[in-house]
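K.L.:
Coordinates for the following, if possible.
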Amino acid sequence: MERAALRGPVMGYFDELFTGRVLAILRGFEPQRTVELAERAWDLGIDAIEVPVESSRAEPSLRAAVAAGAERGRPVGAGTVIDPEQLRAVRSAGAAFTVAPGLDPEIVRLSAELELPHLPGVSTPTEIQRAMRLGLRWVKAFPAAELGSSWFKAMRGPFPGLRVVATGGMTAHNAPEFLAAGADVVAVGSALADDAQLPALAELIS
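P.N.:
Residues are numbered from 1 along each chain as shown. Below is the predicted model:
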């Protein structure tokens, strides 16, 4: 398989973005609420924000978060990007990176051409190998809760250089287990909107 033409800033982007170990996923909120939760995340110390765009109805929320992030010097990415049309649309909306539920070589290559960092989803060793052959160091393990924390321990052996974001079913309460098992970052969604989880989330980031 031909390696994607990933270059300097794209290759190292996630190393710089994911220094706080938490990615906030803001799915299904209206633009105003999306911005409110993004600001809550930034105030807690979470730099990485993803707004999923599984439909065009979510694009206004992405644009609102991008605009709010620009005022604070914070990048905002787009999630659930699964086809070239979406990829070009979110780039036009100002997304700083993209995330997908699965691994699609066409999307990886087009992202490289557009110099837009891309985080694909994987759940098997075969998908990890394909991602690495495409030149990727960071992947999203999805669905993490169903895979279980033992999956992360198992993948560390054959893929010691891999960096992994645990996504799917993550909360402020189970996140420490996955980080201890080998996840580099955990992606949380509802935790930001749940006042009861905020203290644990803040402790996780600190």
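K.L.:
quick one: low-confidence parts of this structure?
P.N.:
1-9, 11 (pLDDT under 70).
K.L.:
who's in contact with Phe178?
P.N.:
For Phe178, the contact set (CB atoms under 8 Å, 6 or more residues apart in numbering) comprises Ala144, Ser149, Phe152, Ala166, Met170, Val186. Bear in mind the C-beta positions are built from the backbone N, C-alpha and C, glycine included.
K.L.:
Can you tell me which of the residues you listed is closest to Arg33?
P.N.:
Met170 (20.2 Å; CB to CB).
K.L.:
What is the neighbour count of that closest one?
P.N.:
27 (other CB atoms under 10 Å).
K.L.:
what's the answer for Gly169, then?
P.N.:
16.
K.L.:
looking at the contacts of Phe178, which has the most residues close by?
P.N.:
Counting by other CB under 10 Å, top hit in these: Ala166 with 30 neighbours.
K.L.:
any chance you could read off phi and psi for that one?
P.N.:
The phi/psi pair for Ala166 (degrees, to the nearest 10) reads phi -80, psi 120.
K.L.:
repeat for Val164
P.N.:
Per degrees, to the nearest 10, the backbone of Val164 is at phi -130, psi 140.
K.L.:
got the buried residues for stretch 26-44?
P.N.:
Within stretch 26-44, the residues that count as buried by 16 or more other CB atoms under 10 Å are 26-27, 29, 31, 34-42, 44.
K.L.:
My error: substitute stretch 17-25 in the last question.
P.N.:
Neighbour-count burial for stretch 17-25 [16+ other CB under 10 Å]: Leu17, Phe18, Gly20, Arg21, Val22, Leu23, Ala24, Ile25.
K.L.:
swap in stretch 47-58?
P.N.:
Asp47, Ala48, Ile49, Glu50, Val51, Pro52, Val53, Ala58.
K.L.:
Next, the distance between the ends of it.
P.N.:
End-to-end distance for stretch 47-58, by CA to CA, to the nearest Å: 21 Å.
K.L.:
who's in contact with that stretch?
P.N.:
Contacting residues not belonging to stretch 47-58 are listed as 17-20, 22-28, 34, 38, 41-42, 59, 61-62, 65, 69, 74-81, 86, 89-90, 99, 185, 187 [CB under 8 Å, 6+ apart].
K.L.:
and if you look at stretch 78-86?
P.N.:
Residues outside stretch 78-86 that contact it (CB under 8 Å, 6+ apart): 25, 27, 50-54, 62, 87, 90, 93, 95, 97-102, 104, 106-107, 110, 118.
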